[in-house]
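Participant: here is my input; please provide its structure:
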Amino acid sequence: MKPEDNQEIPREENQRKSFINPSPRMPDMKVFTGTSHPEIAKMIVARLGIPLGRATTKYFSNKETNVEIGESVRGDDVYIVQSGCGDINDSLMELFIMINACKIASASRVTAVIPCFPYSRQDKKEKSRAPITAKLLANLVSVAGADHVITIDLHASQIQGFFNIPVDNLYAEPAITKWIKENIPEWKSSVMVSPDAGGVKRMTAIADRLDIDFAIIHKERQRANQGDSTVLVGDVNNRTAIMVDDLADTCDTIVKGAEKLRDAGASKIYAILTHGVFAGNAIDKINSSCLEAIVVTNTIPQEKHMKVCPKLQTIDISVMLAEAIRRTHYAESVSYLFTNVPY
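Facilitator: Residues are numbered from 1 along each chain as shown. Here you go, the predicted structure:
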């Protein structure tokens, strides 16, 4: 070996090589929230053990939305929490602006966390010249710059196919199953019920997990100039009935379904829903209904409704969202969350 082969490389050259080829680093995780549901975002970051990102939203006199990201996101893995509730269109515009602001600020990846995905009921053409608004919204989220979407219980699973980016559609079934076991003592002898034909798949999935019977409330179309009638398929006499659905808006379907179950002899009637919109006089309908309790997840804030509706209870879904964010950040599988509630 030649003497010069054993010579030390000058310190300046080492520094130059280190500067040219820096060691890769794991992107930092940062979570920001819009104004639609800041409470769930605070619960998510508390679970993750990180501070909530600084961002402010202002509105100009002409109602334009202005968003300012208050910290650097360069090279970071960013998650923006904004649920489809309240003033939905304003919330969506705020989400798009926040996504774009982080993207052009050189964030490594931007994920839109949308617990309740708006416009999900407009997922197909019901009649001529009708829009498919869910597809339009998917395009807008992608164009704004989102790289990934996390949501819960889409009204129709095919909405995932409207996106050109990855979508994780988490299920509320594990959390609902856990609530039933912990809060309904007679759950083993109860009956799961779907209030309409559209929710049969969701209802039977929960019934199979609990290994209990199920029933279906079917709406029959009568002849012209005659009202619709409902038919209960299944036996609920002297048993606890548990209705499940993905969304409650005006609550007409739930309240009428509860009346049908009461007339069929059900001893107790519960309604468990993923998204509680409760528009119009829905709360008054619930208070005057025969429901023992109506249970919703906190994908939409319910504090005001709970103050005036003693029958309303909530299931915390933030633990699932936080775990989905953590697993996404560390490139782990999220399929565990489809069947389990994280501890």
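Participant: going forward, measure contacts between C-alpha atoms and count neighbours the same way
Facilitator: Noted.
Participant: what does stretch 180-193 rub up against?
Facilitator: Stretch 180-193 is contacted by residues 203-204, 206-207, 210-217, 236, 239-244 when judged by CA atoms under 8 Å, 6 or more residues apart in numbering.
Participant: filter those residues down to the buried ones.
Facilitator: If you count burial by 16 or more other CA atoms under 10 Å, the buried members of the contacts of stretch 180-193 come out as 203-204, 206-207, 210, 213-217, 236, 239-244.
Participant: those in strands, which ones?
Facilitator: Using DSSP state E to define strands, the subset of the buried ones among the contacts of stretch 180-193 located there is 213, 214, 215, 216, 217, 240, 241, 242, 243, 244.
Participant: low-confidence bits of the chain, can you list those?
Facilitator: Applying pLDDT under 70 to the chain flags the ranges 1-24, 220-228.
Participant: ok, longest helix in it?
Facilitator: Longest helix in the chain by number of residues (criterion: DSSP state H): helix 88-104.
Participant: now for the helix or strand that that one is followed by, which elements pack on it?
Facilitator: Next along the chain after helix 88-104, taking DSSP states H and E as the criterion, comes strand 109-114. Applying 3 or more CA pairs under 8 Å, 6 or more residues apart in numbering; DSSP states H and E, one finds that strand 109-114 contacts strand 77-81, helix 88-104, strand 148-152.
Participant: list the contacts for residue 250?
Facilitator: Residues in contact with residue 250 (CA under 8 Å, 6+ apart) are 277, 278, 279, 280, 281, 282.
Participant: repeat that with 7 Å
Facilitator: 278, 279, 280, 282 (CA atoms under 7 Å, 6 or more residues apart in numbering).
Participant: same question, residue 235
Facilitator: If a contact means CA under 7 Å, 6+ apart, then residue 235 has residue 215 as its contacts.
Participant: separation between it and residue 293?
Facilitator: 21 Å (CA to CA, to the nearest Å).
Participant: over to residue 68?
Facilitator: 41 Å.
Participant: and these two? Which one has more around it.
Facilitator: Ranked by neighbour count (other CA atoms under 10 Å), residue 68 and residue 293 place residue 293 first, with 19 against 14.
Participant: and the more buried one, what are its bridge partners?
Facilitator: Legend: beta-bridge partners of residue 293 under DSSP bridges are residue 270.
Participant: got a list of what it touches?
Facilitator: By CA under 7 Å, 6+ apart, the contact set of residue 293 is 270, 271, 311, 312.
Participant: closest to residue 46 out of the residues you listed?
Facilitator: Of all the contacts of residue 293, residue 46 sits closest to residue 312, with 25.0 Å by CA to CA.
Participant: residue contacts, the closest one?
Facilitator: By CA under 7 Å, 6+ apart, the contact list for residue 312 reads 293, 294, 295, 306.
Participant: give me phi/psi at it?
Facilitator: Here is the backbone geometry of residue 312 (degrees, to the nearest 10): phi -90, psi 130.
Participant: how far away is it from residue 131?
Facilitator: For residue 312, the distance to residue 131 (CA to CA) stands at 34 Å.
Participant: from residue 81, how far out is the residue lying closest to residue 140 once chain neighbours are set aside?
Facilitator: Residue nearest to residue 140 in three dimensions, not counting chain neighbours: residue 96, with 7.7 Å by CA to CA, 6 or more residues apart in numbering. Distance, residue 96 to residue 81, using CA to CA: 12 Å.
Participant: ok, the two, which is more surrounded?
Facilitator: residue 81 (26 against 20).
Participant: list the contacts for the more buried one?
Facilitator: The contact partners of residue 81, taken as CA under 7 Å, 6+ apart, are 32, 33, 34, 41, 112, 113, 114.
Participant: settle this for me: the last one is touching residue 153, isn't it.
Facilitator: No. Using CA atoms under 7 Å, residue 114 and residue 153 do not qualify as a contacting pair, with a distance of 10.6 Å.
Participant: now residue 69, what are its backbone angles?
Facilitator: Dihedral angles of residue 69 (phi, psi; degrees, to the nearest 10) stand at phi -90, psi 120.
Participant: OK, contacts around the closest residue to it other than its chain neighbours?
Facilitator: In space, and not counting its chain neighbours, residue 69 is closest to residue 55: 4.4 Å by CA to CA, 6+ apart. Residues counted as contacts of residue 55 (CA under 7 Å, 6+ apart) are 32, 68, 69, 70.
Participant: now list the buried members of the residues you listed.
Facilitator: By neighbour count, with 16+ other CA under 10 Å, those hold 32, 69 as buried.
Participant: so which pair among the contacts of residue 55 is furthest apart in space?
Facilitator: In terms of CA to CA, the contacts of residue 55 reach their longest pairwise distance at 32 and 68, which sit 11.2 Å apart.
Participant: so residue 58 belongs to a strand, correct?
Facilitator: Yes. Applying DSSP: H, G, I helix; E, B strand; the rest coil, one finds residue 58 inside a strand.
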